[in-house]
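>>> Could you look at this predicted model? Sequence included:
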2 protein chains.
Amino acid sequence: MAKGTIRLADVAKAAGVSQGTASNVFSRPDVVREEVREHVLETAKRLGYAGPSLTGRLLRAGKVNAIGVAAVEPLAYFFDDPWARALLAAVSQVCDASGTGLALVSAKDRQKLDWNIKSALVDGFILLCVEGGEKLVELTRERQLPFVALALNDDDPSIASISVDNLGGAAMAARHLAELGHRRFGMLATELSNDHVGPVGIAEIERAIYSTSRDRAFGYWRALETFGIVREDVPVYETINDKPSVEAGLDFLFSAPEPPTAILAMSDNIALLTINWLRARGLSVPQDVSVIGFDGVPEGGMVEPGLTTMAQPFAEIAQRAVRAVLEDAVPAEREMIDVTLVVRGSTAAPKR
Amino acid sequence: MAKGTIRLADVAKAAGVSQGTASNVFSRPDVVREEVREHVLETAKRLGYAGPSLTGRLLRAGKVNAIGVAAVEPLAYFFDDPWARALLAAVSQVCDASGTGLALVSAKDRQKLDWNIKSALVDGFILLCVEGGEKLVELTRERQLPFVALALNDDDPSIASISVDNLGGAAMAARHLAELGHRRFGMLATELSNDHVGPVGIAEIERAIYSTSRDRAFGYWRALETFGIVREDVPVYETINDKPSVEAGLDFLFSAPEPPTAILAMSDNIALLTINWLRARGLSVPQDVSVIGFDGVPEGGMVEPGLTTMAQPFAEIAQRAVRAVLEDAVPAEREMIDVTLVVRGSTAAPKR
DNA sequence: CTCATGAGTTGAATCGATTCAATTTCGATG
DNA sequence: CATCGAAATTGAATCGATTCAACTCATGAG
């Protein structure tokens, strides 16, 4: 019938009311007389009006009612990486509850990421700064929208960020194992520097560019030292959080004359890979080797034996992050959140 | 300096050019003289202009450059359910490549879903119709945007939909096991009707409201019958694709006097739960019992033994779905996609 | 009978960019 | 030197709703 699509103005005219009233029928129905409202609604239906156009509404309102989650990774990362998934599941729950939309923004190469961030229809961003965090922050800043950075490897106080207590958490993890009686440890690290995989020394860790990994290492060391174990005695292997590098790390750690009885894994991902590797070698967990992870991803509770780990309170992190974005995060706000020790089956006293 | 935020008009005025030119600087830079362009760009930067407002641009363009993926499930479903994840990972890859944004839309209760679909800023929808598909389609229709339904349990030809060949795939799965020599089967079904869990008879399957499950059952039967196995001899247990109901189903199947040597699972999820259950009972897979799944989720390749399954070509499905939405799906288009048998370690010849 | 009250309605201004026909500028050509 | 065409620029209309001050019209009080 109509030449183009039906506009609010068309409905208003057809129903014989002003555009203002027609608008109210949809966005503030209580203010218009029931009789009129029904008539307008009916007219709208008759005309096949699809409801107020969002863009029109947006233009005036200036709010999209959605937040974006961004990372310097391909989009699929959000569905593949366990940590990202756990976090997003939590974020989506908060969004669900508050009626906020969720848009995924990402790209591995800078060019595209730039464009994606520039053109995402959102009111603010949650930044997953696992890698390339500064780039991401920089790009997002230009957009002049509120944002909050998660897991940022940077202490710039002008960036609103939420992170977990890596130092304290790692210390708690190491203490747990030491208290069980372990004395020979091996550490499997997440990224410390760019493009490096392999055994690393103390000096390299101290000047690591990724503070998350560095803090976790420091935390492990600090706790172990109270048990008389010095850093020099704890071999460390840097992985890139994937299967090949973790297995290489395990080959390295277990080729030592006195292999470790406990593995300090800086992520649950690494820990889970470790358990599989040990199993395949005929080593049983936790009888032969104890393994502790970090993050508290749901997968850790679904394997046998369950993974002992330092759990991040994903729900709380998500809650705060979303709120911060929605309420226009105070830029100087830096929050630190505690992790909790979750003891499951992958840790026990050493054999003898 | 400016009272509010900087608009394009402000930049134009400050740079001493018309608004039209200023607009061109950003959206069609090639058309404006380099000299002028640089001057405007510089002015914009000086003023702290955040780039053309998306809403303003949108209003004119009428395109958001993003698609929504919707399901009648809580948002977290997209990150928790293996099938949804595999699919979304594939969809996101396509989106990434084509520079299309991705928005997640969902809600368990109808009220909210309605609102979410109405207010999602997208150019079209991909509908995950695992459950409550008709509701979803109905709601989406009102929005008058292109959409394509995946895994729709309905044969309405007026709905653009893409689905896999459940019948043929299931037949291939059953044939694979029968050719290995299996003769005693047990079937663990995904939902056939609403709110029912437990053993089901042939008649109930024939009048199942979910065609996906029904077709898979028919497919299994068809193949088995060519091996002389009649449907009456294949016990079927209807699950709701979660751990408790699957375990109840296994209790049922294996309490028979002659327990099955092969399990036909209608989803990889069920198959994986089955393998765990069997393991816990001291039954080894595939020596004691063979298990075949359906879907081809990545998890199936990461467990030991690997899961034999009928793999959906997620990448292809995603590709077609996204294209259909972006190119305004011809409503009468119904596509059927083949699944392929992926043989891994969970199936083998029966013991003797 | 008048006036205040308030619910309901109207119409025009507004949000911020894009677009396109019209106009100006400039260089090249006959 | 006049003229033509291409390139660059301008200005106004436009997208589709929301908002708010102003207005209408009953109703009830004084």
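Everything's here; your move. These figures come from a predicted structure and were not determined experimentally.
>>> Residue of chain A closest to DNA strand C, please.
Evaluated by C-beta to the nearest atom of the strand, chain A has A:G20 as its residue closest to DNA strand C, separated by 2.4 Å. Every residue, glycine included, has its C-beta placed from N, CA and C.
>>> Now do the SS call for that residue.
helix (DSSP: H, G, I helix; E, B strand; the rest coil).
>>> residues contacting A:E38?
Applying C-beta atoms under 8 Å, 6 or more residues apart in numbering or on different chains to A:E38 gives no contacts.
>>> how about stretch A:276-291: buried residues?
A:N276, A:W277, A:L278, A:V285, A:P286, A:V289, A:S290, A:V291 (16 or more other C-beta atoms under 10 Å in any protein chain shown).
>>> Isn't the third one up against A:S290?
This points to A:L278. No. Counting by C-beta atoms under 8 Å, A:L278 stays clear of A:S290, with 10.2 Å between them.
>>> From A:R37, how far out is the nearest residue to A:P52 once chain neighbours are set aside?
Distances taken as C-beta to C-beta, 6 or more residues apart in numbering or on different chains put A:F26 closest to A:P52, at 5.0 Å, once the chain neighbours are dropped. A:F26 sits 10 Å away from A:R37, going by C-beta to C-beta, to the nearest Å.
>>> And the pLDDT at the nearest residue to A:H39 once chain neighbours are set aside?
Sequence neighbours aside, A:A15 is the residue nearest to A:H39 in space, at 5.8 Å (criterion: C-beta to C-beta, 6+ apart). For A:A15, the pLDDT comes out at 89.
>>> which residues touch A:A15?
A:A22, A:H39, A:V40, A:T43, A:A44.
>>> now A:I292, what's its secondary structure?
Secondary structure of A:I292, per three-state DSSP, is strand.
>>> Report the contact partners of it.
By C-beta under 8 Å, 6+ apart, the neighbours of A:I292 are A:173, A:176-177, A:262-265, A:271, A:307-310, A:346-347.
>>> Including secondary structure, could those residues go into JSON lines?
Shown next, in JSON lines, are the contacts of A:I292 (three-state DSSP):
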{"residue": "A:A173", "secondary structure": "helix"}
{"residue": "A:H176", "secondary structure": "helix"}
{"residue": "A:L177", "secondary structure": "helix"}
{"residue": "A:A262", "secondary structure": "strand"}
{"residue": "A:I263", "secondary structure": "strand"}
{"residue": "A:L264", "secondary structure": "strand"}
{"residue": "A:A265", "secondary structure": "strand"}
{"residue": "A:A271", "secondary structure": "helix"}
{"residue": "A:L307", "secondary structure": "coil"}
{"residue": "A:T308", "secondary structure": "strand"}
{"residue": "A:T309", "secondary structure": "strand"}
{"residue": "A:M310", "secondary structure": "strand"}
{"residue": "A:S346", "secondary structure": "coil"}
{"residue": "A:T347", "secondary structure": "coil"}
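>>> Same list, those, but as JSON lines with pLDDT and distance to B:E299 please.
Listed next are those as JSON lines, based on pLDDT from 0 to 100; distance: C-beta to C-beta, whole Å:
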{"residue": "A:A173", "pLDDT": "98", "distance to B:E299": "27"}
{"residue": "A:H176", "pLDDT": "98", "distance to B:E299": "29"}
{"residue": "A:L177", "pLDDT": "98", "distance to B:E299": "29"}
{"residue": "A:A262", "pLDDT": "98", "distance to B:E299": "28"}
{"residue": "A:I263", "pLDDT": "98", "distance to B:E299": "23"}
{"residue": "A:L264", "pLDDT": "98", "distance to B:E299": "26"}
{"residue": "A:A265", "pLDDT": "98", "distance to B:E299": "20"}
{"residue": "A:A271", "pLDDT": "97", "distance to B:E299": "17"}
{"residue": "A:L307", "pLDDT": "97", "distance to B:E299": "16"}
{"residue": "A:T308", "pLDDT": "98", "distance to B:E299": "22"}
{"residue": "A:T309", "pLDDT": "98", "distance to B:E299": "20"}
{"residue": "A:M310", "pLDDT": "98", "distance to B:E299": "24"}
{"residue": "A:S346", "pLDDT": "97", "distance to B:E299": "20"}
{"residue": "A:T347", "pLDDT": "98", "distance to B:E299": "25"}
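>>> and which of those residues is nearest to B:D165?
Minimum distance to B:D165 across these is 38.7 Å, recorded for A:L307 (C-beta to C-beta).
>>> Could you report the distance from that closest one to A:R323?
30 Å.
>>> out of the two, which sits in the busier spot?
Set A:L307 next to A:R323 and count neighbours by other C-beta atoms under 10 Å in any protein chain shown: A:L307 wins out with 27 against 13.
>>> Would you agree the more buried one is in contact with A:G293?
Yes. Shown here, A:L307 and A:G293 form a contact pair, counting by C-beta under 8 Å, at 5.2 Å.
>>> Need the overlap of contacts for these two.
Contact with both A:L307 and A:G293 is made by residues A:D268, A:A271, A:L272, A:G300, A:S346, according to C-beta under 8 Å, 6+ apart.
>>> who wins for neighbours among the residues you listed?
In those, the most neighbours by other C-beta under 10 Å go to A:A271, 29 neighbours.
>>> quick one, what contacts the nearest residue to that residue once chain neighbours are set aside?
Leaving aside its sequence neighbours, A:A271 sits nearest to A:G293 (C-beta to C-beta, 6+ apart; 3.2 Å). With contact taken as C-beta under 8 Å, 6+ apart, A:G293 is in contact with A:265, A:267-272, A:300, A:307-310, A:346.
>>> Apply 7 Å and report the result again.
Neighbouring residues of A:G293 by C-beta atoms under 7 Å, 6 or more residues apart in numbering or on different chains: A:A265, A:S267, A:D268, A:A271, A:G300, A:L307, A:T309.
>>> which residues does it bridge with?
Counting by DSSP bridges, A:G293 forms beta bridges with A:T309.
>>> OK, now which residue of the stretch 201-350 of chain A is nearest to DNA strand D?
Closest point on the stretch 201-350 of chain A to DNA strand D, by C-beta to the nearest atom of the strand, is A:L326, at 17.6 Å.
>>> For the residue of chain A closest to DNA strand C, give me the pLDDT.
At A:G20, pLDDT is 88.
>>> Neighbours of it, how many?
11.
>>> again with A:P199
As a burial measure, A:P199 scores 13 neighbours (other C-beta under 10 Å).
>>> wait, doesn't A:L152 sit right on A:S161?
Yes. With contacts defined as C-beta atoms under 7 Å, A:L152 counts as touching A:S161 at a distance of 4.6 Å.
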